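Asks: sharing a model that was predicted from the sequence below.
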Amino acid sequence: MERGNIMLGNGRKTIGLFVFSSYEPYQQQICHGVAEQAFAKGYNVAVMNAFGRYGDDVEYFQGEAQIFDLPDYSKFAGIILTTDMFNIPGAKENVLKHIQQEAHCPVVSLRQQIEGMNNILLDEPNNMEEIIRHVIEVHHARDIAFMSGPKQREDANSRLECFKRLMEEYGYSIGKNRIYYGNFWKNQGPDVCDFFLSGDKWPDAIICANDNMALSVCDELYERGIRVPEDIIVTGYDGEEEGKYYQPALSTVEVDFIDMAHQAVDLIEKHQKDLKCETVYAKTKCYPKESCGCKKINTNFPKRAMHYSSNLRLGNLEMQFSFMSIEFGKIRKISEMPPIVEKYIYNFTDFADYYLCICDGLRKIEEGKANDYTEQMHLRVGFHNRMNMSEPGQRLDIAFPKEDLIPHELVGEEPQCFYFVPVHYQNTCYGYEVYQFSEANKGGGIYPRWTIAIANAIESIRIQEKLHDLIDELENMYIHDVMTGLYNRRGFENYARSLFLEAKVKEISVCVLGIDADGLKTINDIFGHHEGDNLLRCIGYAINEAGSQGQIGARIGGDEFEVIILNAEEEDAKRWVYKFERSLENYNQKSGKLYKVHASVGYRVGIPNPGDTLESYMKESDDIMYQNKIKNKRRRNEPLR
C-alpha cells in the first residue's frame with residue numbers, strides 16, 4: 001500500500017501541517033498557501049491546530065498539545081512544521097519525537113532550522129537591511145531605537161544584529177535606552193515608549209522587529225500626542241494584513257508567506273522518493289508606506305469603514321458566543337448540542353463541514369488525569385455540506401477508528417483540507433473538532449472562544465451525569481443493606497408495600513416469607529463477628545438463589561430477613577423454601593467451616609382481604625417462622641434459648 005494513501009480514506013496522499021493559533025495572520029497565510037498548492041498537486045491536508053499558551057495553566061497547556069498525538073504519523077506523505085510558533089513547553093519536542101519514531105516522509109520546517117529536515121528560512125541577518133537603510137538614507141534618521149523580540153528567539157537576535165551592524169557601518173552610535181527586548185506581541189507599547197523616552201529625548205525613528213510591536217508603539221505614541229511619521233518614524237517587519245489598513249499604514253518588510261507555503265509543498269513533492277533535505281530562503285521585500293513618511297496618510301472612508309466593520313464583527317462574535325454558552329448551560333446531554341451549534345455555526349464564514357468527535361466512554365474518563373484519544377472515536381455533532389446531520393430529537397453517534405480521523409464516508413473524492421482542534425477541559429481530553437471550509441484560501445478562522453464553550457458544555461454535562469450517578473448511588477445505599485446487597489428495611493417497606501397493594505387491588509395471590517438466621521450469637525461469640533457476617537451473607541446469597549420473578553428480598557435488621565413474591569401459590573412457596581435450604585446445604589458441604597449455616601423460614605400465602613396489610617402478613621409469617629425455629633433447634637439438639 002502506498003505511503004499516505006489511506007489517512008483520510010479518499011485514496012489521496014495527505015500532508016500534515018502543524019500550527020498554533022491558525023486564526024493569526026501569519027498562520028492563516030501558511031494554511032491557505034499549503035492548501036492551495038496541495039490541492040493543485042492532488043494532496044489532502046490535515047491541519048493539526050492548537051490555540052497555544054495563554055496564562056500559566058500548565059494542565060490547560062497539556063490538553064491543548066494533545067492534538068499532536070492524534071494522527072498516525074506513518075500515514076503522512078509529508079509534514080510541514082511551524083515550530084517557531086509553538087509556545088507550549090514540550091510540544092515541539094513531542095512532535096519531533098513522533099516524526100523521528102513514526103514518520104517516513106519528507107518534513108519541512110518553516111522559519112526555524114531543524115537538522116535532518118528541509119528548511120525554508122528567512123535570511124534574518126539581511127532581511128531588515130533594506131528597511132534600516134531606507135530610514136537612514138531616505139529619511140536621514142540618526143538617533144534610531146530598535147525594539148527587538150525575546151532574547152531567546154534566534155530570529156529576533158538576527159534582526160537585532162543586522163541593526164547593530166548597519167548602525168556601525170554608517171558610523172552612528174546606539175544611544176542609551178535605544179534597544180528594548182519585546183515579546184513580538186501588541187501589549188508593550190506603554191513600556192517601550194517609557195523606555196525610549198527615559199533619556200528625555202525621543203529618537204528620530206523606532207524600528208521594530210515585527211509588525212505587532214510596531215502597531216503597539218504607534219498606538220501608544222498617538223495616545224501621548226506624538227505624531228507618526230511627522231514626529232517619529234515607526235517601521236515593522238512581517239507585512240501582516242492589519243498593518244496595511246492601519247492609519248498610518250505601516251512601513252514594513254513584507255514576507256511572502258504564501259510563496260513560502262507553496263515552496264513547502266513543492267519540497268514535499270520533490271522529495272517523495274529520495275527523502276533528501278535542502279534549505280531554501282523565502283522572498284522578502286521592503287514596502288515604505290505612511291508610517292515612515294513615504295506616502296501621504298490616506299484618510300479615505302473605505303479604509304476606516306473596513307476597520308469599523310472588522311471591529312463590529314469581532315464584537316458580534318463575542319456576543320454570539322456568550323449567548324451560545326448560556327444556551328449550552330441548559331442542556332444535559334451531548335445529543336442536545338446540535339440545535340444550539342446549528343444556531344451559531346454560521347459565525348464561521350465559509351465553513352463547509354463541522355464535526356465534533358468525542359472519545360469512547362466519555363463518562364468513564366477520570367477527571368484530573370491526562371488521558372489520550374481513544375482507539376474508537378464517536379461523531380456526535382455533525383454538519384456536512386452545511387447541513388445538520390442530526391435528525392430532530394434523534395441521537396447522532398457514528399463510531400469510527402481514531403486512525404481515520406473522521407468517518408471515511410464524509411470525505412469527498414477531491415483533495416480535502418481539514419482542521420483538527422483539541423476539545424478538552426484542563427488536561428482531560430474529550431475529543432476534537434474538525435472543520436472544513438469552502439475554499440483553500442478561506443480556512444483557519446477558528447475561534448478559541450467557540451471551542452472553549454464546546455468544552456465547557458461537555459464538562460457541564462459530565463458533572464451533571466456524575467451528580468446523577470452520585471444521587472443514584474446514595475439512593476441505592478439508602479435502601480440497600482451493605483452486608484448482603486439485599487434491600488434494607490426502608491427499601492423493603494418502599495417496594496414491598498406497593499407489591500402487596502397490587503395483589504390486593506388485582507386480587508392475586510402473594511407470598512410473604514419471614515426468615516431468621518439460626519445461631520448467629522453463638523457463631524459471633526465462638527468464631528468472631530467476621531464469621532457472623534459471613535453467615536448473614538450466605539443467607540442473602542441463598543435468598544437470591546431461591547428467588548423467583550417479582551421477588552423482593554430484604555435484611556430488615558440483625559439476623560431477620562423478609563421476602564415478598566407476587567403471583568405465588570402454596571406450591572411456589574414450598575418450592576422456594578426447598579431451593580433456599582438446598583443452597584445453604586450446598587454451602588455447608590463445601591465451606592470447610594467449623595460451623596453450619598442454618599436459617600428458619602415461615603410464610604403466609606393468599607389473596608389479601610380488604611382488612612389485610614403487609615404488616616399482618618409479615619406477623620403471620622414470622623409467627624410460623626418462630627415455630628419452625630423451635631422445631632429446628634430440637635431437631636439439631638440445640639438449646640431453645
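Replies: Nice, I can see it. Residues are numbered from 1 along each chain as shown.

Asks: when you work out contacts or count neighbours from here on, use the C-alpha atoms and nothing else.
Replies: Will do.

Asks: ok, then the element right after the helix or strand where residue 65 lies?
Replies: Secondary structure from DSSP states H and E places residue 65 in helix 58-65. Sequence order places strand 78-81 as the next helix or strand after helix 58-65, per DSSP H and E.

Asks: helix, strand or coil for residue 285?
Replies: What DSSP: H, G, I helix; E, B strand; the rest coil gives for residue 285 is strand.

Asks: what's the answer for the one 10 residues further on, then?
Replies: Using three-state DSSP, the three-state assignment for residue 295 comes out as coil.

Asks: so how far is residue 220 from the residue lying closest to it once chain neighbours are set aside?
Replies: Leaving aside its sequence neighbours, residue 295 sits nearest to residue 289 (Cα to Cα, 6 or more residues apart in numbering; 5.1 Å). Distance of residue 289 to residue 220, computed by Cα to Cα, to the nearest Å: 19 Å.

Asks: and what of residue 19?
Replies: Residue 19 is 31 Å from residue 220, by Cα to Cα.

Asks: and the two? which has more neighbours close in?
Replies: The neighbour count for residue 19 versus residue 220, taken as other Cα atoms under 10 Å, is higher for residue 19 (24 against 18).

Asks: hey, where'd the helices end up in the stretch 251-400 of the chain?
Replies: In the stretch 251-400 of the chain, the helices defined using DSSP state H, counting those that start in this stretch lie at 257-270, 301-328, 338-344.

Asks: list the helices and strands the shortest one packs on?
Replies: Taking 3 or more Cα pairs under 8 Å, 6 or more residues apart in numbering; DSSP states H and E as the contact definition, the neighbouring helices and strands of helix 338-344 are helix 301-328.

Asks: one more time with 10 Å, if that's ok
Replies: helix 301-328, strand 376-384, strand 387-388, helix 448-479 (3 or more Cα pairs under 10 Å, 6 or more residues apart in numbering; DSSP states H and E).

Asks: ranking those by burial, who's on top?
Replies: Highest mean neighbour count of these: strand 376-384, a mean of 21 (counted as mean count of other Cα atoms under 10 Å).

Asks: relative to that one, what are the paired strands and their orientations?
Replies: strand 351-359 (antiparallel), strand 387-388 (antiparallel), strand 398-401 (antiparallel) (DSSP bridges).

Asks: for residue 496, which of the ones you listed is the nearest?
Replies: Residue 496 lies closest, by Cα to Cα, to one member of the strands paired with strand 376-384: strand 351-359, at 41.8 Å.

Asks: from the chain's centroid, how far away is the closest one?
Replies: With Cα atoms, centre = their mean, to the nearest Å as the basis, strand 351-359 stands 13 Å off its chain's centre.

Asks: one more: stretch 95-110?
Replies: In this view, stretch 95-110 has its centroid 24 Å away from the chain centroid, taken as Cα atoms, centre = their mean.

Asks: could you give the mean pLDDT of that stretch?
Replies: Averaged across stretch 95-110, pLDDT comes to 96.

Asks: first-to-last residue distance for it?
Replies: End-to-end distance (Cα to Cα), stretch 95-110: 14 Å.

Asks: pull out the buried positions in it.
Replies: 95-96, 98-99, 103-110 (16 or more other Cα atoms under 10 Å).

Asks: export those as a markdown table, with columns for secondary structure and distance to residue 66.
Replies: Output for the buried residues of stretch 95-110, formatted as a markdown table (DSSP: H, G, I helix; E, B strand; the rest coil; distance: Cα to Cα, whole Å):
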| residue | secondary structure | distance to residue 66 |
| --- | --- | --- |
| 95 | helix | 10 |
| 96 | helix | 14 |
| 98 | helix | 12 |
| 99 | helix | 15 |
| 103 | coil | 18 |
| 104 | coil | 21 |
| 105 | coil | 22 |
| 106 | coil | 23 |
| 107 | strand | 20 |
| 108 | strand | 21 |
| 109 | strand | 20 |
| 110 | strand | 22 |
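
Asks: those residues: which two are farthest apart?
Replies: Going by Cα to Cα, the pair spanning these furthest: 104 and 110, at 18.9 Å.

Asks: ok, and what's touching stretch 380-390?
Replies: 334-339, 341-342, 345-346, 350-359, 395-399, 410-411, 433-438 (Cα atoms under 10 Å, 6 or more residues apart in numbering).

Asks: that stretch - what's its average pLDDT?
Replies: Confidence over stretch 380-390 (mean pLDDT, whole number) is 95.

Asks: check stretch 404-411 too.
Replies: 95.

Asks: okay, that stretch in CSV with CA atoms only?
Replies: Output of stretch 404-411 as CSV, limited to C-alpha atoms (Å, rounded to 0.1, in the frame of the first residue of the first chain):
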residue,chain,number,x,y,z
ASP,A,404,-9.3,7.5,10.3
LEU,A,405,-9.6,11.0,11.9
ILE,A,406,-13.1,11.3,10.6
PRO,A,407,-15.5,8.7,9.2
HIS,A,408,-14.4,7.9,5.6
GLU,A,409,-17.9,8.3,4.2
LEU,A,410,-17.7,12.0,4.9
VAL,A,411,-14.6,12.6,2.8
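
Asks: report the buried residues of that stretch.
Replies: 404-407, 411.
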